[in-house]
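Participant: starting from these lines, generate the structure:
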Amino acid sequence: MVTEADEVLVRVRERADRAFERADLTPGMTFDQVVHAVERALKIRLRVVREADTSGWGTLTGFLTFFADRREGSIHVRAADAAIYSQFAASHELGHLLDDAHCSGALHERSSVSPHDNPQLSTPEYEAELVAEHVAHRIARLLYTSPRVAESSW
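Facilitator: As a prediction, this is how the structure comes out:
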C-alpha cells in the first residue's frame with residue numbers, strides 16, 4: 001500500500017531531479033562555477049552574501065531574496081559559519097531557485113521539519129524545503145566527492 005509519505009517522497013525526488021538537471025551541473029565544478037551555472041540556466045544574476053550580523057536569525061542558516069522583474073537575487077549566509085557549511089546553506093537556496101514548483105517565499109527556521117512537527121508549515125512548503133535539501137545534498141556530492149573518494153568507501 002502506498003502511503004501519503006511515499007507519494008510526497010516520489011514528488012520530491014522527481015522535482016529535485018528536474019531542478020538538478022536544469023543547471024547542467026557536472027563533477028569537478030567549484031562552488032562559484034555551480035552558482036554561475038544556475039545563473040546561466042535561469043538567466044538571472046546572483047550573488048552570495050556572507051552576513052556578519054546574524055544576531056536576529058535564530059536557527060536560520062541562509063535565505064534567498066529574488067527580484068523577478070530585475071532577474072537578480074542574492075543568497076545570504078552566516079559569515080561565522082565554516083565555508084563548507086555556508087556553501088551547503090547557499091546550495092539549499094539554489095535548490096529553491098531551480099525547483100520548477102518554486103518556493104513560497106516565506107522564511108522558516110529549521111523548515112526541514114515535517115508539517116506534523118510544525119503545524120505552521122504547509123505540505124507544499126515542506127515539500128519545497130525537501131526539494132531544496134535534496135538539491136543541496138546533490139551539489140555537495142558533486143563538489144566534495146570524486147571517483148577516487150567514492151571507490152575508497154566501497
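Participant: which strand or helix spans the residue nearest to the spatial centre of the chain?
Facilitator: The chain has residue 92 as the residue nearest its centroid, 1.7 Å off, counting by CA atoms, centre = their mean. Applying DSSP states H and E as the criterion places residue 92 in helix 83-98.
Participant: what's that helix packed up against?
Facilitator: helix 4-22, helix 31-42, strand 45-51, strand 62-67, strand 72-78, helix 123-144 (3 or more CB pairs under 8 Å, 6 or more residues apart in numbering; DSSP states H and E). In this view, the C-beta of every residue, glycine as well, is placed from N, C-alpha and C.
Participant: which among these is found nearest to residue 100?
Facilitator: Residue 100 lies closest to helix 4-22 among those, at 5.7 Å (CB to CB).
Participant: run the chain-centre distance for that closest one.
Facilitator: 13 Å (CA atoms, centre = their mean, to the nearest Å).
Participant: list the buried ones in that helix?
Facilitator: Neighbour counts over helix 4-22 (16 or more other CB atoms under 10 Å) mark 8, 12, 15-16, 19-20, 22 as buried.
Participant: any chance of TSV for these, columns distance to residue 63?
Facilitator: Listed next are these as TSV, based on distance: CB to CB, whole Å:
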residue	distance to residue 63
8	24
12	21
15	20
16	20
19	18
20	21
22	21
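Participant: what's residue 55 in contact with, if anything?
Facilitator: If a contact means CB atoms under 8 Å, 6 or more residues apart in numbering, then residue 55 has no contacts.
Participant: which phi and psi values does it adopt?
Facilitator: As for residue 55, its main-chain torsions (degrees, to the nearest 10) stand at phi -60, psi -30.
Participant: repeat for the one 3 residues further on
Facilitator: Phi and psi for residue 58, reported as degrees, to the nearest 10, are phi 60, psi -130.
Participant: so what's it scoring on pLDDT?
Facilitator: In the predicted model, residue 58 carries a pLDDT score of 87.
Participant: cool, residue 146 as well?
Facilitator: At residue 146, pLDDT is 62.
Participant: go on, residue 112?
Facilitator: 47.
Participant: tilt between the helix holding residue 92 and helix 4-22?
Facilitator: With axes from the mean of the first three to the mean of the last three CA atoms, to 10 degrees as the basis, helix 83-98 and helix 4-22 are set at 100 degrees to each other.
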